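[1] what follows is a predicted structure for the sequence shown.
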Amino acid sequence: MIHANTKLARVQLTVCDLNRSVKFYEEIIGMKTRARKNGVAFLGAGKEDLLVLKENPDAKQTRGTSGLYHFAILVPSRLALAHSLQRLADTQTAVEGFADHLVSEAIYLPDPDGNGIEIYRDRPRDQWRDADGKLKMASDPIDLDGILAELQGQDQTWRGLDAATVLGHMHLHVAHIAPAQEFYVNVLGFDLVMRYGPSAAFVSAGGYHHHLGLNTWAGVGAPPPPRDAVGLDYWVVRVPDATELGKIADRVQNAGVKVEETDEGLLARDPSQNAVVIAAG
């Protein structure tokens, strides 16, 4: 089992126009560029990078492949979500939808390259489960007026994302659920939280509602994207220390999964070739 204090660190995406993407993530989403060099930008809300953007001017959007469905930005409060919602309204930014998931409230939108983004806030953990201890999740209509009401009596000046914002979860397109679940649960060690029929599964560490969603909504048997596609390069999972990293490395090796050592940690690919880096510290 993966350590209960496992967190997500950041996600790296390929984009085709770095200037355009940085402007979007700064002015619309509210991140700050922490560094930029050699066609790569590092963005965050507080002291750490949440998003790394790598430019490839020839990159193209693809459909019907494995890869990113969305990455999810977790803001620390409903008030913070209200600031983001108001910013999207003020800038007339197109969104793809809203949902009340019972455990959370979420806004969905694409970036300029079509990469999916979720901005959400969690409800308190003691509200996540029913009387039998079963996790309650749904996709109900969201109370937009109630969210915006959080701004009443508050300073409504837009200052970007709250510094406590983190990468809350990832959601990936995969070719088949069963081998993806085998990799993330039995090899990496996440807990299976929920199956959503035959087409989706959700896994997590430490009792979280989900750190990762997996779906076949791009098509059962969807192939990996071509090398020149925009989208997911990799995402980073951070375990507490080298001992925990070593345990995962042993399971990965025993499963016969190829691993690459990188400056950030151990990079492995799931059966749909989505890359994940496991880092310590």
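    Yes, it's here. Residues are numbered from 1 along each chain as shown.
[2] residue ranges in the chain under the pLDDT threshold?
    Counting by pLDDT under 70, not a single residue of the chain qualifies.
[3] Ala180 versus His171, what's the distance?
    Using C-beta to C-beta, to the nearest Å, we find His171 at a distance of 12 Å from Ala180. In this view, the C-beta of every residue, glycine as well, is placed from N, C-alpha and C.
[4] more neighbours: the two, which one.
    Counted by other C-beta atoms under 10 Å, His171 and Ala180 do not tie: Ala180 has more neighbours, with 24 against 19.
[5] which neighbours do His171 and Ala180 share?
    Common contacts of His171 and Ala180 (C-beta atoms under 8 Å, 6 or more residues apart in numbering): Leu214.
[6] can you map out the helices along the stretch 51-200 of the chain?
    78-90, 144-148, 177-181 (DSSP state H, counting those that start in this stretch).
[7] now render those as a markdown table, adding distance to Leu214.
    Compiled in a markdown table, these are given as follows (distance: least, C-beta to C-beta, whole Å):
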| stretch | distance to Leu214 |
| --- | --- |
| helix 78-90 | 25 |
| helix 144-148 | 28 |
| helix 177-181 | 5 |
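[8] what's the burial count for Ser21?
    So Ser21, with other C-beta under 10 Å, has 24 neighbours.
[9] isn't it right up against Val15?
    Yes - counting by C-beta atoms under 8 Å, Val15 is a contact partner of Ser21 at 4.3 Å.
[10] and for the two, which residues touch both?
    Shared contacts of Ser21 and Val15 (C-beta under 8 Å, 6+ apart): Leu53, Glu55, Asp111, Pro112, Asp113.
[11] ok, which pair from the residues you listed is furthest apart?
    Pairwise distances across the shared contacts of Ser21 and Val15 (C-beta to C-beta) peak at 13.4 Å, for the pair Glu55 and Asp111.
[12] comparing these two, which residue is more hemmed in?
    Asp111 (21 against 18).
[13] so how far is Ala163 from the more buried one?
    21 Å.
[14] cool, and Leu172?
    Counting by C-beta to C-beta, the gap from Leu172 to Ala163 is 27 Å.
[15] and the two? which has more neighbours close in?
    Per other C-beta under 10 Å, whichever of Leu172 and Ala163 has more neighbours is Leu172, with 23 against 12.
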